[in-house]
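Visitor: Need a 3D model of the following:
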Amino acid sequence: MGYWPLLIVSGEAKDLSHLEPFEFQCLPRDHAQPITLNVRFNDHCFTTGFAPAKHDPSDIMPTRLVSKTEVRVFCRERYKLSFRLPELIKAFGGKRIASTRDGNLVRVESPDGQTYAIFFTMRKQSATRVNLFVVSAYPVGKGKKVADTGEMKFDIALAKILRGKKARFPNR
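Guide: Below you'll find the predicted structure:
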């Protein structure tokens, strides 16, 4: 069995194998050797918060699949977009990221003209390993602001985290 148990939505099996944990190499700024990023995904990449006006209670995800502290329902749009997540993350490299007021980092992509925000945290595991946890990923409506800070390149933030420092972002 994989990281994610089988997901059945309205009698239909949904494959989550694309959200299995994985590792990849990335070169932090001013480092001679690449380091390993361990990537894991939260259920927020394929679920959304339960809203009684929009969702039927029978759509609520079982707690064995999602957070035990939140009521979540399957989201077809997030699920569809989640298939791109592994490749988008592997391409972070020198791309720009920002930070939210909660301290999550965010990288915004625009596939097919739609803004797709990827919220994640990074924690140093060792001198050559960093854990990257994708907290959430979802499409953002036009004109919505997802970050509270200025931007920084991913490889610079990664180097700071490896030095045991917080990735402090410039003000907007």
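Visitor: these two touch, right, residue 21 and residue 39?
Guide: Yes - applying Cβ atoms under 8 Å as the test, residue 21 and residue 39 come out as touching, 6.3 Å apart. In short, each C-beta sits where N, CA and C put it, glycine included.
Visitor: who has more neighbours, these two?
Guide: Using other Cβ atoms under 10 Å, the more surrounded residue of residue 21 and residue 39 is residue 39, with 21 against 13.
Visitor: give the contact list for residue 74.
Guide: 7, 9, 14, 46-47, 59, 61 (Cβ atoms under 8 Å, 6 or more residues apart in numbering).
Visitor: Tabulate those residues in TSV, adding columns for distance to residue 27, pLDDT and neighbour count.
Guide: Formatted as TSV, the contacts of residue 74 follow (distance: Cβ to Cβ, whole Å; pLDDT from 0 to 100; neighbours: other Cβ atoms under 10 Å):
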residue	distance to residue 27	pLDDT	neighbour count
7	35	82	19
9	39	84	15
14	35	89	14
46	30	92	31
47	33	92	24
59	43	78	13
61	38	78	19
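Visitor: ok, the residues you listed vs residue 79, which is closest?
Guide: residue 46 (4.3 Å; Cβ to Cβ).
Visitor: So what sits opposite the residue nearest to the spatial centre of the chain in the bridge?
Guide: Within the chain, one residue has its C-alpha closest to the average C-alpha position: by Cα atoms, centre = their mean, that is residue 134, at 2.6 Å. Bridge pairing for residue 134 (DSSP bridges) gives the partners residue 41, residue 120.
Visitor: Per-residue pLDDT of it, please?
Guide: As predicted, residue 134 sits at a pLDDT of 96.
Visitor: Residue 4 now?
Guide: 85.
Visitor: what's the answer for residue 63, then?
Guide: On pLDDT, residue 63 comes in at 66.
Visitor: which ones among the contacts of residue 74 are found in strands?
Guide: Using DSSP state E, the members of the contacts of residue 74 that fall within strands are 7, 9, 14, 47.
Visitor: Mind putting those residues into JSON lines with distance to residue 53?
Guide: Listed next are the ones in strands among the contacts of residue 74 as JSON lines, based on distance: Cβ to Cβ, whole Å:
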{"residue": "7", "distance to residue 53": "24"}
{"residue": "9", "distance to residue 53": "20"}
{"residue": "14", "distance to residue 53": "24"}
{"residue": "47", "distance to residue 53": "17"}
